[in-house]
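Asks: Next one to model:
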Amino acid sequence: MLRARPAWVSADENRDMVQNEIMLESSNKQNKFSIGRSNRRDVELKLKAVSADHCKIEYSKDKGWLIHE
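Replies: Sure, this is the predicted structure:
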């Protein structure tokens, strides 16, 4: 399981709309997650500093959690 919290929020963003915590858990069916501002991503982050297709996170038993741009 991966737990993360947003570290930076711009002053003009609605802080009530920002997730306080994100948890990802890999399973036999899914070990890759897409992250971005777009609602087509597995994890949608509504922050101005995040692009629509920001990154992908993958879990590997050999290497642990990996982040890909």
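Asks: after the helix or strand of the chain with the lowest mean pLDDT, next one along is what?
Replies: None of the helices or strands of the chain scores lower by mean pLDDT, DSSP states H and E than strand 2-4, at a mean of 68. Sequence order places strand 22-24 as the next helix or strand after strand 2-4, per DSSP states H and E.
Asks: That following strand pairs with which strands?
Replies: Sheet pairing here is set by DSSP bridges, and for strand 22-24 it gives strand 2-4 (antiparallel).
Asks: Pairing partners for the residue nearest in space to the middle of the chain in the sheet, please.
Replies: With distances taken as Cα atoms, centre = their mean, the residue of the chain nearest its centroid is residue 35 (4.4 Å). Beta-bridge partners of residue 35, counted by DSSP bridges, are residue 43, residue 55.
Asks: right, and it touches residue 58 too?
Replies: No: counting by Cβ atoms under 8 Å, no contact exists between residue 35 and residue 58, whose distance comes to 11.1 Å. (C-beta placed from N, C-alpha, C; glycine too.)
Asks: what about this protein, any weak spots by pLDDT?
Replies: Judged by pLDDT under 70, the chain has its weakly predicted residues at 2-20.
Asks: For the residue nearest to residue 42 when sequence neighbours are not counted, pull up the helix or strand it's in.
Replies: Once its chain neighbours are removed from consideration, residue 42 has its nearest residue in residue 33; the separation is 4.4 Å (Cβ to Cβ, 6 or more residues apart in numbering). Remark: residue 33 resides in strand 32-36, with elements defined by DSSP H and E.
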